[in-house]
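Chemist: I'll drop the sequence and a predicted model, then ask my questions.
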Amino acid sequence: MAGTDTNTTAIEWAMTELIRNKGAMNKLREELNAELSSPLERKLPLDESVVSRLPYLNAIVKETLRLHPSGPLMLPHRASETCEVMNFTVPKGAKILVNVWAISRDPTVWEDDPTSFKPERFIGSKVDFRGHDFEFLPFGAGRRMCPGVPLATRQISLILAAFVRNFDWCLPDGKDPAELDMSEKFGFTLQKEQPLLLVPNRYSL
Ligand code: HEM
């Protein structure tokens, strides 16, 4: 998959959700202001060492990848042997696609309003995208899992933090965020059908 479309798609969906969910945007801004409060930190550009101190930002990245996994069907796998999975026979050589998109919204696993953007569900939760929690597999699992996880999560987090720390964002022409088109374009990566267009206004404390 590699990391250009995947990362930019994730950032676009995260900003879309933050514009629609003002409470989450404000909470992230509060976390950034509180954590990066020293006069020196306010002046310096963000670096990756801050990411581990920003739990709400981490939760936003996870919640974005839950609702909008950049690789909705992972990459195709092939069964090396015939095997049984939950009473289904998977014949040797079958091509396997894992529907990560559907698993991430499954109401039997994600009980609290699974189609809503709620980063709070990951606060205090041990569910992570390291491939051990099968209800949440935006980067796959096992030997062919995405090797770009550390780079992807740092890049996405840092870019989002810089966007929200330095700018107030709104939609052009006073458009109401509730009316944003959330249609998805299914493909190799899960892009927004209508690209997100936002207007930045400089913000400083
Ligand atoms: C939001 C960001 C990203 C997401 C959601 C993502 C997701 C995925 C997924 C689902 C797979 C298939 C895993 C499987 O089939 O088990 C994959 C494979 C892969 N990804 Fe990523 N990826 C992202 C970013 C990156 C980045 C930044 C890089 C590298 C710089 C990268 C490099 C790769 C490579 C090389 C593979 C193939 C691994 C293999 O087949 O052994 N990805 N990725």
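Modeler: Okay, I see it. Residues are numbered from 1 along each chain as shown.
Chemist: Who are the packing partners of the lowest-mean-pLDDT helix or strand in the chain?
Modeler: Within the chain, no helix or strand scores below helix 39-43, which has a mean of 80 by mean pLDDT, DSSP states H and E. With contacts defined as 3 or more CB pairs under 8 Å, 6 or more residues apart in numbering; DSSP states H and E, helix 39-43 has no helix or strand neighbours. (Glycine included, C-beta is placed from N, CA and C.)
Chemist: other SSEs contacting the helix or strand following it?
Modeler: For helix 39-43, the succeeding helix or strand toward the C-terminus, using DSSP states H and E, is helix 55-67. Applying 3+ CB pairs under 8 Å, 6+ apart, one finds that helix 55-67 contacts helix 5-20, helix 22-35, helix 149-166.
Chemist: Show me which of those helices has the highest average neighbour count.
Modeler: Stretch with highest mean neighbour count among these: helix 5-20 (a mean of 21; mean count of other CB atoms under 10 Å).
Chemist: Quick one: residues contacting residue 183.
Modeler: Going by CB atoms under 8 Å, 6 or more residues apart in numbering, residue 183 touches 192, 193, 194.
Chemist: Just the buried ones among those, please.
Modeler: Those of the contacts of residue 183 that meet the buried threshold are residue 192, by 16 or more other CB atoms under 10 Å.
Chemist: closest to the ligand among the contacts of residue 183?
Modeler: residue 192 (14.2 Å; CB to the nearest ligand atom).
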